[in-house]
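Engineer: next one to model:
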Amino acid sequence: MPAALGGLTGRRTFRKWFRKAPDEKTGSEGAGPLNGLATCSYPRTGTLATLGRGDGSPSGVSHWRTTDPCVAEIWPALVFGAQPDVLLGGEVTDAMNNRHEVIVVGAGQAGLAMGYFLARQDRNFTILEAADEPAAAWRDRWDSLKLFTPARYDALPGLAFPGDPWNYPGRDEVVSYLTNYVRHFDLPVEFSSRGQAIRKTNGTYLVELDDRTYEADQVVVATGPFQVPFVPPIAKRLGPEVVQLHSSAYRRPERIPEGRILLVGGGNTGFQIAEELSASREVHLSIGTRQMPLPQRILGRDLFWYLDKTGLIRKTTASRIGRRMSQKDTLIGSRPRALRRRHGVKLHPRTAGAEGSTVTLEDGTMLDVSTVIWATGFRPDYSWIDVPVFDENGRLVHKRGVTGSPGLYFLGMTWQHTRGSALLGWVKDDAEYLAQRISAFSASVPAEAAAQERPDGRRLTAAGGAITPTFDQRRAT
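Structural biologist: I've put the predicted structure just below:
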């Protein structure tokens, strides 16, 4: 019987706190009769949690940690061998069960890498994900997408990307890898949990969702670079007879109506989609700012092999070459000349105007189109974060993801620190750095402020492996 706690089933939630070896006979966790019960309730909300051991035999707790104030109530049962390894029923909805050392917002590649390092530190943390399954940003890309980085450079920390290390993984392979990553490390991801606001009150961060609020000493915003699809205002001047979609909504050629197609945007996405559509459609590509084309392979080796060996992929924004690189987007593995000659795509300058079904280009050319695909990228949206870490233009002020608000961090942004900061295989570098900062911050917080609390004001502190109830007035009201 599942219990609601932070958007997960109760059993999953309590497994974060109580680790139990598999049953010797059945090999399964939590198997056994309903016995050794320990019950606790929260008078202020009337919610109830019932815990019981799975195999009925007295045993100690080899490893556990908790944010549940109820543990103070069931501590005598623990002493007498009723090990709380299975949640048997009831609902736990008291807001104080939503207290963590660290909350990570976003379960994409950045959030999962962060989770790996937090788990290694044995932190009390959770990862909040707006979607109902892992790798949501990757699931929203087109079917034939291929990474321009080989699998060798696509792994998150602790788990190699499967298959040929020099193969270029497709979208579905990335989705499968990230989904398996969550399972492999048993990361505490809470799905369908969209953050609505982040605020700071009395030194504590509040992460507000639709149906609950979390508290944390530290928060990592790992929502990544693909947040809000950007479509230029000119799109509003196209008539209803023209099919319009952002590249994030494109899946495959069969879903695009017959007729002339205009792709707007000369980055890697625009080039890849234009090439795919050119096999069955008349395709035009409007390029606003030309990007420097780089070959996928040089002298038999992949481009990223050179970037890795020379250290260019890790040049920071503080270096001269890093600053120059960050100011120029690159086109990897695609060339305008090849797209024009081999695939018949017609290249044009920037889109300057639109009226009805006619698009006007910067050189005066006018095109009648049936479909426009806006490969115009994404924009960040931090309007829901109510903490003073932005400048007068709304830009985040940070240094390698560390903000001026102690305990608030950002991860996975484009050029957050290096060219690799937003890439699947290199986001771990920034994640590990932030994990070190989180550890240092936690060490600086007085033990009393970090202690776990009960609804009656008492709290639990760990010392020498023992659990000792103490008292604190901060939450007793």
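Engineer: where do the helices of the stretch 301-450 of the chain begin and end?
Structural biologist: 303-310, 320-326, 336-343, 427-444, 447-450 (DSSP state H, counting those that start in this stretch).
Engineer: so which of those helices is the most packed in?
Structural biologist: Of all the helices of the stretch 301-450 of the chain, helix 427-444 has the most neighbours on average by mean count of other Cβ atoms under 10 Å, namely a mean of 19. C-betas here are computed from N, CA, C, even on glycine.
Engineer: who does it touch, helix- and strand-wise?
Structural biologist: helix 109-120, strand 213-221, strand 408-410 (3 or more Cβ pairs under 8 Å, 6 or more residues apart in numbering; DSSP states H and E).
Engineer: contacts for it next, please.
Structural biologist: 101-102, 109-110, 113-114, 116-118, 120-121, 123, 156-157, 217-218, 220, 314, 400-402, 406-407, 409, 411-412, 416-418, 420-421, 450 (Cβ atoms under 8 Å, 6 or more residues apart in numbering).
Engineer: tilt between that helix and strand 213-221?
Structural biologist: 130 degrees (axes from the mean of the first three to the mean of the last three Cα atoms, to 10 degrees).
Engineer: quick one: average pLDDT of helix 427-444?
Structural biologist: For helix 427-444, mean pLDDT rounds to 96.
Engineer: pLDDT weak spots in the chain?
Structural biologist: By pLDDT under 70, the low-scoring segments of the chain are 1-97, 446-477.
Engineer: farthest residue from the center of it?
Structural biologist: Distance to the chain centre peaks in the chain at G364, reaching 42.9 Å (criterion: Cα atoms, centre = their mean).
Engineer: list the contacts for that one?
Structural biologist: For G364, no contacting residues are found, by Cβ under 8 Å, 6+ apart.
Engineer: look up the closest residue to R252, ignoring the ones flanking it.
Structural biologist: Of all residues not flanking R252 in the chain, D143 sits nearest, at 4.9 Å (Cβ to Cβ, 6 or more residues apart in numbering).
Engineer: number of residues surrounding the one you found?
Structural biologist: D143 has 14 neighbours, counted by other Cβ atoms under 10 Å.
Engineer: same check on the one 5 residues further on?
Structural biologist: By other Cβ under 10 Å, the residues close to F148 number 19.
Engineer: for D386, same thing?
Structural biologist: Going by other Cβ under 10 Å, the residues that sit close to D386 add up to 12.
Engineer: before we move on, what about the one 5 residues further on?
Structural biologist: Neighbourhood size, D391 [other Cβ under 10 Å]: 9.
Engineer: who are the contact partners of it?
Structural biologist: D391 sits next to V397 when contact means Cβ under 8 Å, 6+ apart.
Engineer: list phi and psi for it.
Structural biologist: phi -80, psi -170 (degrees, to the nearest 10).
Engineer: what's the answer for V189, then?
Structural biologist: Backbone phi and psi, for V189 under degrees, to the nearest 10, turn out to be phi -90, psi 130.
Engineer: that one touches V182, doesn't it?
Structural biologist: Yes: using Cβ atoms under 8 Å, V189 is in contact with V182, at 5.6 Å.
Engineer: can you list residues touching both of these two?
Structural biologist: Joint contacts of V189 and V182 (Cβ under 8 Å, 6+ apart) are A107, P134.
Engineer: circling back: what distance do you get for the residue farthest from the centre of the chain to D391?
Structural biologist: According to Cβ to Cβ, to the nearest Å, G364 and D391 sit 39 Å apart.
Engineer: over to D429?
Structural biologist: Here the criterion is Cβ to Cβ. By it, D429 lies 26 Å from D391.
Engineer: and for L303?
Structural biologist: 35 Å.
Engineer: how about the nearest residue to G377, chain neighbours excluded?
Structural biologist: F230 (5.4 Å).
Engineer: and the one you found, how far from P157?
Structural biologist: Distance from F230 to P157, by Cβ to Cβ: 31 Å.
Engineer: residue contacts, the closest residue to F378 other than its chain neighbours?
Structural biologist: Excluding the flanking residues, the one nearest F378 by Cβ to Cβ, 6+ apart is F226, at 4.9 Å. F226 makes contact with A137, S248, F378, according to Cβ under 8 Å, 6+ apart.
Engineer: now the residues you listed in JSON lines, with distance to L331?
Structural biologist: Shown next, in JSON lines, are the contacts of F226 (distance: Cβ to Cβ, whole Å):
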{"residue": "A137", "distance to L331": "21"}
{"residue": "S248", "distance to L331": "19"}
{"residue": "F378", "distance to L331": "18"}
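Engineer: can you list those in CSV and add neighbour count and distance to A279?
Structural biologist: Formatted as CSV, these follow (neighbours: other Cβ atoms under 10 Å; distance: Cβ to Cβ, whole Å):
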residue, neighbour count, distance to A279
A137, 21, 27
S248, 18, 22
F378, 17, 27
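Engineer: go through those residues and flag which are in strands.
Structural biologist: With strands taken from DSSP state E, the overlap with those comprises F378.
Engineer: for I287, state which of the contacts of F226 is nearest.
Structural biologist: F378 (18.2 Å; Cβ to Cβ).
Engineer: these two touch, right, that closest one and G224?
Structural biologist: No: in this structure, F378 is not within contact of G224 by Cβ under 8 Å, at 9.1 Å.
Engineer: tell me how this structure divides into domains.
Structural biologist: Here the domain parsing of the chain from automatic domain parsing is 10-93+450-471, 98-227+388-445, 232-291+329-378.
Engineer: selection in ChimeraX covering whichever of the contacts of helix 427-444 are buried, please.
Structural biologist: To isolate in ChimeraX the members of these that are buried, counting by 16 or more other Cβ atoms under 10 Å, one can use:
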select :101,102,109,110,113,114,116,117,118,123,156,157,217,218,220,314,400,401,402,407,409,411,412,416,417,418,420,421
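Engineer: I am finished for the moment; much appreciated.
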